[in-house]
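Peer 1: Quick one, what's the 3D model for this:
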Amino acid sequence: MSDNANALLQESHSIMEKWWNKMNEGGVHPEELNSFLEDADKAKDIIDQVLKNDANNEEAQDALLNWHLAVARLKAGFKDNNQLQEEAAEHMKVVVSLCPNDASFRGMLAECYKNLGKKELAMEVLKKGIEIEPQNAVLRSELKQLEGGGSKGCFIATAVYGSYDAPEVIILRKFRDSVLFKNYFGKIFVKLYYQLSPPIAKIIVVHKILRNSIHLLILKPIILLISLKQIITNWSGK
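Peer 2: Next up is the predicted model:
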């Protein structure tokens, strides 16, 4: 790659990195949207310029993929704006076309369709993702929800234990239904969990060390406490 192409891609990366960091630190505010879109257009023009001169430039191809991911992620965050949701879905369709064998990207596209109320399209995309990666517990859990197969899932636990019907996941679901749903603060916790956990679960499912750490340090102690509470309750009732 020429020094000029490298310098151009570095400029594009610097433009997008600022906004990527903002998204990771709490999101982009509505009043910042126009600034983001202007910067995103500048970054895209730079990438297109490099690819015009060298269509096989792998670093430019990677930059294009990451550009679409960043723009899709930001636009998808504005859930009350249908136009931005449609545009996010279009960006994710490009990402899927560039990485057709990545099941996690199909999960992100399905999430865009869900935000738009396009249930059938979301299910179709999830099924394709499961064909690519049959053991992806997160995609299976999301598909099961869309098909009407039970209550909302324990996304993080499903990602850790590999199945919606794993014994540990069942214990946590029963605790949610019998304890958390029966008090005000428990309901608030569950609502927040449903909002925050799906993207976290998508990260967990592809990182073995992270899955093991969450199992040992968080979920296993919680499950042991729940089981102990049940044993004490049963003993007290005798």
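Peer 1: what ranges do the helices span in this structure?
Peer 2: For the chain, the helices defined by DSSP state H cover 3-24, 33-53, 58-76, 82-98, 103-115, 119-132, 137-146, 155-161, 167-178, 184-204, 208-214, 220-236.
Peer 1: Same question for the third one: list its buried residues.
Peer 2: Within helix 58-76, the residues that qualify as buried are 59-61, 63-76, counting by 16 or more other Cβ atoms under 10 Å. Every C-beta, even on glycine, is put in place using the N, C-alpha and C of the backbone.
Peer 1: for the fourth one, same thing?
Peer 2: Within helix 82-98, the residues scored as buried using 16+ other Cβ under 10 Å are Leu84, Gln85, Glu87, Ala88, Ala89, His91, Met92, Lys93, Val94, Val95, Val96.
Peer 1: can I get those residues in TSV with pLDDT?
Peer 2: Output for the buried residues of helix 82-98, formatted as TSV (pLDDT from 0 to 100):
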residue	pLDDT
Leu84	92
Gln85	91
Glu87	95
Ala88	94
Ala89	95
His91	95
Met92	95
Lys93	96
Val94	95
Val95	95
Val96	95
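Peer 1: Turn those residues into TSV, including distance to Cys112.
Peer 2: As requested, these are exported to TSV (distance: Cβ to Cβ, whole Å):
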residue	distance to Cys112
Leu84	10
Gln85	6
Glu87	9
Ala88	5
Ala89	4
His91	9
Met92	5
Lys93	9
Val94	12
Val95	11
Val96	11
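Peer 1: Just the closest of the residues you listed to Lys128, please.
Peer 2: Val96 (8.9 Å; Cβ to Cβ).
Peer 1: shaky segments in the protein?
Peer 2: 1, 148-153, 234, 236-238 (pLDDT under 70).
Peer 1: Grab the nearest non-local neighbour of Glu11.
Peer 2: Ranked by Cβ to Cβ, 6 or more residues apart in numbering and with sequence neighbours excluded, the top spatial neighbour of Glu11 is Ile46, at 5.9 Å.
Peer 1: what sits against that neighbour?
Peer 2: Ile46 makes contact with Leu8, Leu9, Glu11, Ser12, Ile15 under the criterion Cβ atoms under 8 Å, 6 or more residues apart in numbering.
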